[in-house]
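**Student:** return a 3D structure for these sequence lines:
(chains A, B, C and D)
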There are 2 protein chains.
Amino acid sequence: MSETTPRGERKERTRRAILDAALRLAGEQTLAALSLRQVAKEVGVVPTAFYRHFDSLDDLGLALVDESFASLRGMLREVRQGAPAFNWIIDNSIDVVAAHAREHRAHFAFIARERGAGPTVVREEIRHQFELFERELAADLALLPGTDTWTREDLQVLANLIVTQMVAFGEQFVVVRGDAEEQLVERARRQLRMVLIGALSWRSGGATS
Amino acid sequence: MSETTPRGERKERTRRAILDAALRLAGEQTLAALSLRQVAKEVGVVPTAFYRHFDSLDDLGLALVDESFASLRGMLREVRQGAPAFNWIIDNSIDVVAAHAREHRAHFAFIARERGAGPTVVREEIRHQFELFERELAADLALLPGTDTWTREDLQVLANLIVTQMVAFGEQFVVVRGDAEEQLVERARRQLRMVLIGALSWRSGGATS
DNA sequence: AGATCGAGTGCACACCTGTTCACCCACTAC
DNA sequence: GTAGTGGGTGAACAGGTGTGCACTCGATCT
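**Tutor:** Residues are numbered from 1 along each chain as shown, chains lettered A, B, ... in the order given. You can find the predicted model right below:
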């Protein structure tokens, strides 16, 4: 190995290879069922070389979480560029999530899988990241027309509801193939519309029945 | 082992012990990361005895899924006993889910975990079971006042939305401890109210913004 | 020029993995 | 009472597991 490469570059290349291999292998099972030796073999490197880059598989898992959420944050930034109106949320955000899920399918699937199973530390980090999303979304919602009379708590509750739906949408989107995709998008759009109609008549509409 | 027990009873007892042990161990990691020998040791039985009861760990997994959903079905039956009105759905269904989640915490956690990770066959079975729930809920929703003009598809979409929320609620409920529980319940109630307000003005209310 | 660093190697260890096989021996059926 | 059934045993297998340690040898520093 190693023709004549600058040191840092070589290290970075191996690190990337490990991350990619782990992401691929975790896609077939789950991170918790993954072994250091499997990853090393997939990369084409001796098992002990792994330790030059990560302390443990949990460490690797956290790195993958970071990577995955980096692309998700990019997505969020994109969503925020639109005009602040309810219709805009419905039409744009779902398409943006779908586009990014298509592009980073492996990362989406990884998050979906490790969100519930996966090493404790990884689960916690993912949950934390989603909480951040939730807070940012709540802040955005406060800027929308019609939410003037809302309490901070109500905004948070709605944000949680929307994030839950989007997570579920992403999870299903990543599993589905081809023609069913558009169908899934249409359903998500309708659901988000239902939710936002309900939200619009929240303070004004009152109770139920 | 085996003092002087009737044969069938003895077998059933061991089977139960295996299921319980597997449920407990899976709670600490995930089913996919579980080994036959771990389970056998936990039960206090030799590894090969496992095969007298299950063909494989996947087989065991399916049995656990069946068990978990059996209690969920009991829950569903309970929810259906109420009067068919929107208010009733909000006030009852969440409490019922919470009560059952408290009582069958391990089963709920198992489903939540294995829904995303876990052996393929187990994932598919869980997804299928939730689909059945969705269909039953859609049928119930059709009986409610105000859904007369809805298409079958719209009912399905709303049912999916509600099931998604309830699954997310169950997942979070099972993770939380003590005082935060009631807070979580209150949030779920408010969210369900938002959703149903939106649903009520679905056909009548029209688009948005 | 020579010294140092550090990514990747190779070997070794003790342990855990699924599965096979022949074997008990308490229960059941006759 | 005698034959058969079947849950549980214990040893053995070929292989996979994480990790420690001494090593190479090119890239980097002085």
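
**Student:** ok, the residue in chain A positioned nearest to chain B to B:Ala199 distance?
**Tutor:** The shortest separation between chain A and chain B is 2.7 Å, found at A:Gly198 (distances taken as C-beta to the nearest C-beta). In this view, the C-beta of every residue, glycine as well, is placed from N, C-alpha and C. Distance of A:Gly198 to B:Ala199, computed by C-beta to C-beta, to the nearest Å: 7 Å.

**Student:** ok, now A:Leu192?
**Tutor:** Taken as C-beta to C-beta, the spacing of A:Leu192 relative to B:Ala199 amounts to 13 Å.

**Student:** could you do A:Ala109 as well?
**Tutor:** Distance from A:Ala109 to B:Ala199, counting by C-beta to C-beta: 31 Å.

**Student:** what do you get for A:Lys11?
**Tutor:** Relative to B:Ala199, A:Lys11 is positioned 55 Å away (C-beta to C-beta).

**Student:** just checking, what packs against the helix or strand harbouring the residue of chain A closest to chain B?
**Tutor:** A:Gly198 is located in helix A:179-200, with elements delineated by DSSP states H and E. Counting contacts by 3 or more C-beta pairs under 8 Å, 6 or more residues apart in numbering or on different chains; DSSP states H and E, helix A:179-200 packs against helix A:94-103, helix A:152-175, helix B:152-175, helix B:180-200, helix B:202-205.

**Student:** buried ones in that helix, by neighbour count?
**Tutor:** Neighbour counts using 16 or more other C-beta atoms under 10 Å in any protein chain shown place A:184-185, A:187-200 of helix A:179-200 among the buried residues.

**Student:** what's the pLDDT at A:Glu131?
**Tutor:** Looking at A:Glu131, its pLDDT reads 97.

**Student:** so how far is B:Glu134 from it?
**Tutor:** Using C-beta to C-beta, we find A:Glu131 at a distance of 28 Å from B:Glu134.

**Student:** which one of those two is surrounded by more residues?
**Tutor:** B:Glu134 (20 against 12; other C-beta atoms under 10 Å in any protein chain shown).

**Student:** so the more buried one makes contact with B:Leu161?
**Tutor:** No - applying C-beta atoms under 8 Å as the test, B:Glu134 and B:Leu161 come out as separate, 9.7 Å apart.

**Student:** give me the nearest residue to A:Gly146, chain neighbours excluded.
**Tutor:** Excluding its sequence neighbours, the residue lying closest to A:Gly146 (C-beta to C-beta, 6 or more residues apart in numbering or on different chains) is A:Leu200, at 5.6 Å.

**Student:** wait, that neighbour sits on A:Ile89?
**Tutor:** No - under the criterion of C-beta under 8 Å, A:Leu200 is not in contact with A:Ile89, lying 11.6 Å apart.

**Student:** touching chain B at all, the lowest-mean-pLDDT helix or strand in chain A?
**Tutor:** When each helix and strand of chain A is scored by mean pLDDT, DSSP states H and E, helix A:86-88 comes last, with a mean of 75. Yes - among the residues of helix A:86-88, A:86-87 lie within reach of chain B under C-beta under 8 Å from any C-beta of the partner chain.

**Student:** cool, stretch A:19-38 as well?
**Tutor:** Yes - counting by C-beta under 8 Å from any C-beta, contacts between stretch A:19-38 and chain B involve A:29-30, A:32-33.
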